[in-house]
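A.B. asks: Quick one, what's the 3D model for this:
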Amino acid sequence: MGLVINLLKELAEKIAKDNKWKLYIGGGIITLTVVLISGLTGWIIERLFLSFEITRPVVSTLLFAFILSSSLASKSLNKSVSEIISLISQENAKDNITNIRKKLSFIVGRDVEDLDKNEILRASAETASENSVDGVFAPLFWMFVGTIFWKFNQLMPGPLAMAWVFKASSTLDSIIGYKKGKLKWLGFTGAKLDDLMTFIPSRIVLVTLPFCCRPKQSILKTIRQAWKDGVLDSSPNSGISEAIFAYCAEVRMGGVNYYKGEKKTKPIIAGTYPIANINSIKRILNLSLRLEFTWLLFIFLIIKLMNL
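C.D. replies: Presented below is the predicted three-dimensional model:
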């Protein structure tokens with residue numbers, strides 16, 4: 001998908017040059033094309049599953065479940081972050097700092113070349129929090145929406161089609177959704193679509209995650225405080241995602257980041273808690289797994305109740 005987006009991006013930039021409105025239109029066409037291709041591919045696979053379900057129900061169901069699970073990034077995220085905190089906890093971490101920064105660069109968008117140990121830990125905590133929503137809970141939410149669509153009409157987009165539409169919007173945002181240069185026009189539509197599709201899932205995480213931990217204050221107060229800190233972020237979703245994980249894992253987030261050399265100061269979240277360390281990052285990963293299990297359980301129960 002990334003290759004297709006980059007090819008379309010180059011073509012749009014070549015045609016539009018520096019024309020703002022042509023770049024807006026080009027970005028809209030790229031977004032529509034990528035989303036339609038992803039959604040339509042998922043829809044075709046769903047049609048194949050439904051046709052084979054009659055003759056080979058077990059095999060088709062297992063295969064479809066495997067394809068669905070590929071839309072969730074919990075395993076890869078957990079593995080990447082765990083590898084970084086494992087390396088940074090070793091005695092030779094200072095000598096291996098370049099390799100640790102390189103591994104971190106695969107999962108964060110900020111510049112990593114000059115990050116020290118504390119900043120690497122902060123980046124790991126923040127990306128584990130934000131990407132739990134982008135990589136796990138938002139796809140789960142849209143799978144659930146697709147399943148509800150199927151309850152009305154199986155010709156409608158189902159769980160795979162909806163999950164792949166979300167993944168398309170997320171990939172568009174990560175590749176062209178920047179607010180500088182030509183991309184602030186070319187990537188505008190993709191970025192706004194990703195914001196829209198993550199809006200509800202991030203807020204459901206806000207109100208459900210505290211039930212998977214033992215916050216020092218009441219659940220309602222934890223949610224309110226996380227909301228208060230999270231909305232200060234320029235992103236409508238990532239600040240809220242980071243904030244609720246910060247309060248539940250009892251770790252401070254936010255501070256100065258650099259993106260392609262440009263300084264950006266993120267608001268401090270959960271400022272009364274200590275800075276990120278290995279244990280707090282492990283708590284974030286464990287909280288994400290607990291919440292994923294909780295969501296899957298509730299989705300299963302809701303679908304079962306709808307079948308009654």
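
A.B. asks: The host helix or strand of Asn131: what's the following helix or strand?
C.D. replies: With secondary structure defined by DSSP states H and E, Asn131 is part of helix 117-132. With elements assigned by DSSP H and E, the helix or strand that comes after helix 117-132 is helix 138-152.

A.B. asks: name the helices or strands packed onto that next one?
C.D. replies: Using 3 or more Cβ pairs under 8 Å, 6 or more residues apart in numbering; DSSP states H and E as the contact definition, the elements that helix 138-152 packs against are helix 159-176, helix 188-208, helix 278-307. Heads up, the C-betas are built off the backbone N, CA and C, glycines and all.

A.B. asks: Kindly calculate the angle that that helix makes with helix 117-132.
C.D. replies: Using axes from the mean of the first three to the mean of the last three Cα atoms, to 10 degrees, the direction of helix 138-152 lies 0 degrees away from that of helix 117-132.

A.B. asks: Could you measure from the residue lying closest to Ser74 once chain neighbours are set aside over to Phe298?
C.D. replies: The shortest distance from Ser74 to any non-neighbouring residue, by Cβ to Cβ, 6 or more residues apart in numbering, is to Val136 (4.7 Å). Relative to Phe298, Val136 is positioned 14 Å away (Cβ to Cβ, to the nearest Å).

A.B. asks: With neighbour numbers in mind, choose between those two.
C.D. replies: For Val136 versus Phe298, neighbours defined as other Cβ atoms under 10 Å are more numerous around Val136 (24 against 12).

A.B. asks: Do you know the pLDDT at the more buried one?
C.D. replies: Each residue has a pLDDT score; the one for Val136 is 94.

A.B. asks: For it, give me its contacts.
C.D. replies: Val136 makes contact with 72-74, 77, 288, 292, according to Cβ atoms under 8 Å, 6 or more residues apart in numbering.

A.B. asks: Quick one: those residues as a markdown table, columns for neighbour count and pLDDT too.
C.D. replies: Putting the contacts of Val136 into a markdown table (neighbours: other Cβ atoms under 10 Å; pLDDT from 0 to 100) gives the following:
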| residue | neighbour count | pLDDT |
| --- | --- | --- |
| Leu72 | 19 | 87 |
| Ala73 | 18 | 84 |
| Ser74 | 19 | 81 |
| Leu77 | 20 | 88 |
| Ser288 | 27 | 95 |
| Glu292 | 17 | 94 |
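
A.B. asks: so which of the residues you listed comes closest to Lys264?
C.D. replies: Distances from the contacts of Val136 to Lys264 were compared by Cβ to Cβ; the smallest belongs to Leu77, at 22.8 Å.

A.B. asks: elements contacting the host helix or strand of that closest one?
C.D. replies: Element membership of Leu77, judged by DSSP H and E, is helix 74-88. With contacts taken as 3+ Cβ pairs under 8 Å, 6+ apart, helix 74-88 sits against helix 97-105, helix 117-132, helix 278-307.
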